[in-house]
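Visitor: sequence and predicted structure, then a few things I'm wondering about:
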Amino acid sequence: MSWEERLSRAGWRITTPRRVVMQVLQRAGRPLSPQEIYMRGRRIHRSLGLVSVYRSLEVLERVGLVRRVHQEDRCDGYILASPGHHHILLCRRCGRTVEFPGAEDLSGLIAQVEQRTGFQVEDHLLELIGLCSPCQRSKS
Ligand SMILES: [Zn+2]
Ligand SMILES: [Zn+2]
């Protein structure tokens, strides 16, 4: 299913700002802040506004089309998200992100934590930070 279909099935219209944000993120290859998306988006659509970038990201994140990435010094980066439960690998040097799927992955740990704390865990986000292989090679 295309992102347009996923968006309209969730009850949202495909507006120009939403289309531009998706286009920018499809070409990015690393997390982009709303400001960066705005700057790049203006090259595609001149009258794009920063506020509509923020609003579009909000909707696209709610529908699960984009995902927020937490980086060492900030947490306003956005990447495209695949459908379903995924985790993120983030290269701290070049910012490359890779998604990997997993559903029952943390169930052992979560059961343990629930038992110890009395919390009922409903969801989790997992992000692993390190060096991608090109960056490991350029280090040595
Ligand atoms: Zn890297
Ligand atoms: Zn998981």
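Guide: Perfect, I can see it now. Just so we're clear, the structure is a prediction, and the values are computed from it rather than from any experiment. Residues are numbered from 1 along each chain as shown. Ligands and ions are numbered 1, 2, ... in the order given.
Visitor: please count neighbours and contacts with C-alpha atoms only from this point.
Guide: OK.
Visitor: for the residue nearest to Arg68 when sequence neighbours are not counted, give the beta-bridge partners.
Guide: Spatial nearest neighbour of Arg68, chain neighbours left out: Tyr78 (4.6 Å); criterion: C-alpha to C-alpha, 6 or more residues apart in numbering. Here Tyr78 sits in beta bridges with Leu32, Arg68, going by DSSP bridges.
Visitor: separation between Tyr78 and ligand 1?
Guide: Tyr78 sits 17 Å away from ligand 1, taking C-alpha to the ion, to the nearest Å as the criterion.
Visitor: for that residue, grab the count of nearby residues.
Guide: Neighbour count of Tyr78, defined by other C-alpha atoms under 10 Å: 21.
Visitor: help me confirm that it comes into contact with Arg67.
Guide: Yes. The criterion here is C-alpha atoms under 8 Å, and Tyr78 meets it with Arg67 at 5.6 Å.
Visitor: ok so, going back, ok, now which ones touch the residue nearest to Arg68?
Guide: Counting by C-alpha atoms under 8 Å, 6 or more residues apart in numbering, Tyr78 touches Leu25, Pro31, Leu32, Ser33, Pro34, Val66, Arg67, Arg68, Val69.
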